[in-house]
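[1] Sequence and predicted structure are below.
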Amino acid sequence: MLVLPAIDILDGKCVRLTKGDYNAVRQYSDSPVEVAKDFEKQGAKFLHVVDLDGAKGGSVVNQGVIMDIVEAVDIPVQVGGGIRSFKDSKGYLDAGVSRVIFGTAAISDTNLIRKLVRSFGSDCIFVSLDFRDGKLAIEGWTEDSEQSTTKVLKTLLKMGVKTVVVTDVSRDGTLSGMDLSIFKKVIKFGFNVIAAGGVSSFKDLEVLRDLEFYGAISGKAIYEGRIDLASACGSPLAKRIIPCMDIDNGRVVKGTNFKNLRDAGDAVELAKVYDQMGADELVFLDITATVEQRKTLVELVSQISKNISIPFTVGGGIRSVCDIRDLLNAGADKISLGSIAISDPKIVTEASDEFGSQCIVISLDCKRDGNSWKLFTKGGREKTDLDAVEFASLMEKVDAGELLVNSLDRDGMKNGYDLELLTKISEVVNIPVIASSGAGCREDFLKAFDGGRADGALAASLFHYGEINIRELKRYLSDQKVTIRL
Amino acid sequence: MIAVIDYNAGNTASVCNALERIGQKFVVTSNPSEILSADKVIFPGVGNAKSAMKDLCAKGLDNVIRKIEAPFLGICLGLQLLARFSMEGDTDCLGIIDNDVKKFNADLKVPQIGWNKVMQCRSNGLFIGIPDESYFYFVNSYYLPVIKETEGKSIYGVSFSSVVRKNNFWATQFHPEKSGEVGLKLLSNFCELC
């Protein structure tokens, strides 16, 4: 369900009305553009903008401010208020507005709505239905309301309208909770319903989600802090903390200094310790060269799988679908592919088709080159001409499930993850991104999740040498309002 | 004895490892009489609904599962297959639960991969000793909406059933065998059910 924060514009300013009354105005900001940017920053996925002057006067008034909003944010925007003609709609849609919403008054012009839906598609043309005291409020209507509501809804369906914004005007801006019966009445007809009016708490959103509403608009509750946009819109998944172990011939190398560990090189023992410490996932990178030692890896994976109950990824030198199958059968949850994905991207599709994209991770070795990043292969020894960000996007297209982003510039430097690289990649892909290389302190993890938009953060020696304790790190991140599994 | 149902979408290894860690005896089997005489049945599942149903039907296990009277635990795809129908490959499923499985829409990353909270809607045997809103590990692109059989729910854009129960049929959308301590606790709770 989309949660849409509302920006209502009156006289160029951002306001809220109570029960649709233009005499009960409360101003929240001089700058609707700043409000829009702030909503985006808080995690909104879509904005609902209303031209109140337009709605009142029956023609578009605040188009200038609305276009400034569309320019200023990267998320889609839907607009309502005063839109009455084909020209108004086309103007907004051509200028980058994603959906236009027709007011109740426009319903009488069935030909116009039909033409709009045909020209722009039902995903771009929405109709707004205002209910007052449980009855559909249409100017000039005197017929029996139940009958007329049914008639209007059926006509809209016939015109090809799929999505309606249902506003319970009697509750709008009152923070008094919802009257579900109105929304349910409309959803019964088979519309995608966006509910507005009285959506005033997290609990209200939950109720609408359970009833499979398409969206919910909230204004005052968001402005007054009763609904936290970040948690209402963002991914509910916990950010992952991932220790990474380099394996040579079945043993952890680079060493560790855990006390109470019989043998710091024993991968299984170390994996058990991290599982108990609250790691969300583990990564094992095999740096072995020979075929004989590969067999040791499969045996090791099977031992690890018997001893831990969190997911783990295995990578390093994997060359074929057959290798992948052996490791998955031995108990690995995900397989990380490196050089082979560069030389033969087809293998990514093949592997995803066979095992599901959720278990195919692509590991990218990136190094800054002027204003961009180039991809390296063979464990970072060989430069390619490939742009790392473009390649990340290609990997999503060939059905990779997740990206592990290593920065060769930051590796071992302890001066933080390459946030710019992480942000660039997060912007172009819609699959999880794991930050790797460069963590030196707990703030670096926070930055990877906040600024870098990473879904997980990986580190090796920082954890192995106990410089950062995973439990303490997770408590710190949770205190900083990061979604974390404690 | 616990029977772990063996079929092409089973991925029984992780479940068996977890059962071993909590000290439970089990047998991995596709033999109908072994399944029907077991004290408990676990029905794991990863992969595609269509090919899973095809394999179950080919082995005659669809009818066997419907007849099970002992406590039964479906996991992940094992939950979705209990439904009437799945949008994944437009597949008719077992129909033990009279609702349909849908696909997540794409405003969040799909599949959902990672740790998500489970809100306990009712107290029940599976949740004993597990704090409300604990995190469990999920990997799924499809979901069962919140229905009357929902015992635990989670949010991923939409609300969906993360734990359901109908009579002796229990199921979790998450992987208890990959969900750390609380996951193992839930599995042992299942093994203790009468």
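    The structure has been received and is ready for your questions.

[2] Around A:Val60, count how many other residues there are.
    When counting by other CB atoms under 10 Å in any protein chain shown, one arrives at 23 neighbours for A:Val60. C-beta: built from backbone N, CA, C; applies to glycine.

[3] thought it was touching A:Asp88?
    Yes. A:Val60 is within contact range of A:Asp88, at 5.4 Å (criterion: CB atoms under 8 Å).

[4] Mutual contacts of the two, please.
    A:Gly82 (CB atoms under 8 Å, 6 or more residues apart in numbering or on different chains).

[5] Per-residue pLDDT of the nearest residue to B:Ile5 once chain neighbours are set aside, please?
    Distance criterion CB to CB, 6 or more residues apart in numbering or on different chains; nearest residue to B:Ile5, sequence neighbours excluded, is B:Phe43 at 4.9 Å. If you check B:Phe43, the pLDDT there is 96.

[6] same check, this time on A:Glu427
    A:Glu427 is assigned a predicted lDDT (pLDDT) of 86.

[7] Am I right that it is in a helix?
    Yes. Per DSSP: H, G, I helix; E, B strand; the rest coil, A:Glu427 lies within a helix segment.

[8] show me the contacts for it.
    Contacts of A:Glu427 by CB under 8 Å, 6+ apart are A:Arg453.

[9] where's B:Lys103 relative to B:Ile22, distance?
    According to CB to CB, to the nearest Å, B:Lys103 and B:Ile22 sit 33 Å apart.

[10] got it, and A:Ala351?
    For A:Ala351, the distance to B:Ile22 equals 32 Å [CB to CB].

[11] Among those two, which residue is more densely surrounded?
    Legend: neighbour count by other CB under 10 Å for A:Ala351 and B:Ile22, higher for A:Ala351 (28 against 13).

[12] in the host helix or strand of the more buried one, what's buried?
    Element membership of A:Ala351, judged by DSSP states H and E, is helix A:346-355. For helix A:346-355, burial by neighbour count (16 or more other CB atoms under 10 Å in any protein chain shown) applies to A:Ile347, A:Val348, A:Glu350, A:Ala351, A:Ser352, A:Phe355.

[13] from those residues, which is closest to B:Gly183?
    A:Phe355 (21.9 Å; CB to CB).

[14] Now do the contacts for the closest one.
    Neighbours of A:Phe355 in contact, by CB under 8 Å, 6+ apart: A:Ile324, A:Arg325, A:Leu328, A:Ile335.

[15] rerun at 7 Å
    A:Ile324, A:Leu328 (CB atoms under 7 Å, 6 or more residues apart in numbering or on different chains).

[16] cool, and A:Phe39?
    A:Phe39 neighbours (CB under 7 Å, 6+ apart): A:Pro5, A:Leu47, A:Leu229.

[17] Make JSON lines from those residues and add distance to B:Ser161 and neighbour count to it.
    What follows is the contacts of A:Phe39, written out as JSON lines (distance: CB to CB, whole Å; neighbours: other CB atoms under 10 Å in any protein chain shown):
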{"residue": "A:Pro5", "distance to B:Ser161": "28", "neighbour count": "26"}
{"residue": "A:Leu47", "distance to B:Ser161": "31", "neighbour count": "23"}
{"residue": "A:Leu229", "distance to B:Ser161": "26", "neighbour count": "20"}
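
[18] is it possible to export those residues to JSON lines including secondary structure?
    Compiled in JSON lines, the contacts of A:Phe39 are given as follows (three-state DSSP):
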{"residue": "A:Pro5", "secondary structure": "strand"}
{"residue": "A:Leu47", "secondary structure": "strand"}
{"residue": "A:Leu229", "secondary structure": "helix"}
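
[19] Of the residues you listed, which are in range of chain B?
    Among those, not one lies near chain B by CB under 7 Å from any CB of the partner chain.

[20] Can you tell me which of these is nearest chain B?
    Comparing those against chain B with CB to the nearest CB places A:Leu47 closest, at 13.6 Å.

[21] Start from the N-terminal end of chain B and give the strands.
    For chain B, the strands defined by DSSP state E cover B:2-5, B:26-29, B:40-43, B:72-75, B:85-86, B:91-92, B:100-103, B:112-120, B:134-140, B:142-143, B:150-156, B:158-166, B:169-172.

[22] Save these as TSV, and put in mean neighbour count too.
    Converted to TSV, the strands of chain B look like this (neighbours: other CB atoms under 10 Å in any protein chain shown):
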stretch	mean neighbour count
strand B:2-5	24
strand B:26-29	17
strand B:40-43	26
strand B:72-75	26
strand B:85-86	20
strand B:91-92	16
strand B:100-103	18
strand B:112-120	23
strand B:134-140	24
strand B:142-143	23
strand B:150-156	23
strand B:158-166	24
strand B:169-172	26
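
[23] I'd like to know which of the ones you listed lies nearest to A:Ile242.
    strand B:112-120 (11.2 Å).

[24] Check what pLDDT A:Thr290 gets.
    You'll see A:Thr290 listed with a pLDDT of 69.

[25] try A:Lys254
    Value for A:Lys254, per-residue pLDDT: 68.

[26] For A:Ile75, give me its contacts.
    A:Glu40, A:Ala44, A:Lys45, A:Phe46, A:Leu47.

[27] Give me the subset of those lying in helices.
    A:Glu40 (DSSP state H).

[28] any idea how far B:Phe43 is from B:Tyr142?
    Distance of B:Tyr142 to B:Phe43, computed by CB to CB: 16 Å.

[29] residues from chain A in reach of chain B?
    A:1-2, A:45, A:206, A:209-210, A:212, A:235-238, A:240, A:275, A:280, A:305-306, A:309-311, A:331, A:333, A:356, A:358, A:401-402, A:430-432, A:485.

[30] sorry, back to before: how far does the helix holding A:Ala351 sit from its chain's centre?
    Between the centre of helix A:346-355 and the centre of its chain there are 25 Å (CA atoms, centre = their mean, to the nearest Å).

[31] Need the contact partners of the helix or strand just after it.
    Per DSSP H and E, the first helix or strand lying C-terminal to helix A:346-355 is strand A:360-369. Residues outside strand A:360-369 that contact it (CB under 7 Å, 6+ apart): A:313, A:315, A:334-338, A:341, A:348, A:351-352, A:373-376, A:380, A:388, A:391-392, A:395, A:400-409, A:421.

[32] Whichever of those end up buried, select them in PyMOL.
    Applying 16+ other CB under 10 Å to the contacts of strand A:360-369, the buried members can be selected in PyMOL as follows:
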select buried, chain A and resi 313+315+334+335+336+337+338+341+348+351+352+373+374+375+376+388+391+392+395+400+401+402+403+404+405+406+407+408+421
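
[33] coming back round to it: quick one, which of the buried residues of helix A:346-355 has the minimum pLDDT?
    A:Phe355 (85).

[34] So for the residue positioned nearest the centre of chain B, what's the nearest residue that isn't a sequence neighbour?
    Closest residue to the average C-alpha location of chain B: B:Ile75 at 2.2 Å, with CA atoms, centre = their mean. Distance criterion CB to CB, 6+ apart; nearest residue to B:Ile75, sequence neighbours excluded, is B:Pro44 at 4.7 Å.
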